[in-house]
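Student: Quick one: sequence and predicted model below, then my questions.
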Amino acid sequence: MTESSQDNDADLEKGRLLFAGPWAYVMSAGAVDGLPPRTGIEVAFAGRSNVGKSSLINALTGQKALARTSNTPGRTRELNFFSAGPALTIVDMPGYGYARASKTAIGAWTRLIFDYLRGRSNLRRVYVLIDSRHGVKANDIEALDVLDTAAVSYQIVLTKCDQPKAPALEAVLAATRLAISKRPAAHPEIIQTASRTGLGIPELRAVIAALL
């Protein structure tokens with residue numbers, strides 16, 4: 001075994017151990033004055049409605065129903081906090097891009113997200129989920145603009161990567177790399193995942209563990 005493979009195995013094990021504990025729902029907040037006290041670091045997950053955010057959080061934590069999954073887009077309208085201890089908190093952010101929501105509701109969600117991003121000093125990274133079947137859409141670009149403006153580090157996670165054919169997936173990867181290539185707050189590495197098969201889940205755990 002080479003030194004690099006040993007290091008990689010060690011990183012994967014750190015990630016496994018970090019997520020092996022009993023995860024639990026902490027609280028939900030619909031306004032910044034209702035946020036929980038800052039403890040440890042936070043990582044947040046953002047993405048279009050129905051991108052697979054809840055499924056990914058459940059896969060990461062090894063629990064089937066920690067985050068609610070729904071076939072109704074736009075159901076999550078608050079910041080939902082999950083934790084397995086003081087070191088790390090996962091934040092499930094409201095899905096964006098749900099056309100049936102009223103303009104008033106969309107405006108309230110946008111303000112909540114931006115105020116959270118700007119005011120949460122222990123927020124270490126936002127993982128922006130992109131559906132690998134569809135690639136980066138206009139409302140994804142709007143979300144990335146908000147993150148760049150707030151100067152919050154973010155990283156792209158492609159979801160449902162078990163579904164597209166290899167050439168289509170490569171095309172989405174290339175287009176996504178181009179979309180983030182000149183963005184100041186974007187991490188250059190794109191993580192490919194599939195909650196249904198477990199693809200990329202150990203690697204994403206390791207990436208999050210490295211933030212600690």
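Tutor: Cool, got the structure. Everything numeric in this text was worked out from a predicted model, so none of it was measured.
Student: what number of residues lie near residue 136?
Tutor: Using other CB atoms under 10 Å, residue 136 is surrounded by 19 other residues. All C-beta spots, glycine's among them, are computed from the backbone N, C-alpha and C.
Student: surely it meets residue 174?
Tutor: No: at 11.1 Å, residue 136 does not count as touching residue 174 under the criterion of CB atoms under 8 Å.
Student: Now do the helices in the chain.
Tutor: 3-19, 53-61, 103-119, 138-150, 166-180, 201-211 (DSSP state H).
Student: can you state the direction angle for the fifth one and helix 138-150?
Tutor: Per axes from the mean of the first three to the mean of the last three CA atoms, to 10 degrees, the angle that helix 166-180 makes with helix 138-150 is 40 degrees.
Student: Helix or strand with the lowest mean pLDDT in the chain?
Tutor: When the helices and strands of the chain are scored by mean pLDDT, DSSP states H and E, helix 103-119 comes last with a mean of 79.
Student: Which neighbouring elements make contact with that helix?
Tutor: Secondary-structure packing of helix 103-119 (3 or more CB pairs under 8 Å, 6 or more residues apart in numbering; DSSP states H and E): strand 79-83, strand 123-131, helix 138-150.
Student: out of the ones you listed, nearest to residue 18?
Tutor: Of all those, it is strand 79-83 that lies closest to residue 18, at 11.7 Å by CB to CB.
Student: Centre-most residue in this protein?
Tutor: For the chain, the residue nearest the mean C-alpha position is residue 45 (2.5 Å; CA atoms, centre = their mean).
Student: Quick one: mean pLDDT for stretch 152-160?
Tutor: Average pLDDT, stretch 152-160: 97.
Student: Please apply the same query to stretch 39-58.
Tutor: Stretch 39-58 comes out at a mean pLDDT of 94.
Student: quick one: buried residues of it?
Tutor: 41-58 (16 or more other CB atoms under 10 Å).
Student: again, but for stretch 148-161
Tutor: 150, 152, 154, 155, 156, 157, 158, 159, 160, 161.
Student: I'd like these as JSON lines, with distance to residue 127 appended.
Tutor: Shown next, in JSON lines, are the buried residues of stretch 148-161 (distance: CB to CB, whole Å):
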{"residue": "150", "distance to residue 127": "15"}
{"residue": "152", "distance to residue 127": "11"}
{"residue": "154", "distance to residue 127": "7"}
{"residue": "155", "distance to residue 127": "6"}
{"residue": "156", "distance to residue 127": "8"}
{"residue": "157", "distance to residue 127": "5"}
{"residue": "158", "distance to residue 127": "11"}
{"residue": "159", "distance to residue 127": "10"}
{"residue": "160", "distance to residue 127": "15"}
{"residue": "161", "distance to residue 127": "15"}
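Student: now, among those residues, which is nearest to residue 140?
Tutor: Of all the buried residues of stretch 148-161, residue 140 sits closest to residue 156, with 9.1 Å by CB to CB.
Student: Tell me what that closest one is bridged to.
Tutor: Here residue 156 sits in beta bridges with residue 128, going by DSSP bridges.
Student: I figured it hits residue 173, correct?
Tutor: No: using CB under 8 Å, residue 156 makes no contact with residue 173, being 9.6 Å away.
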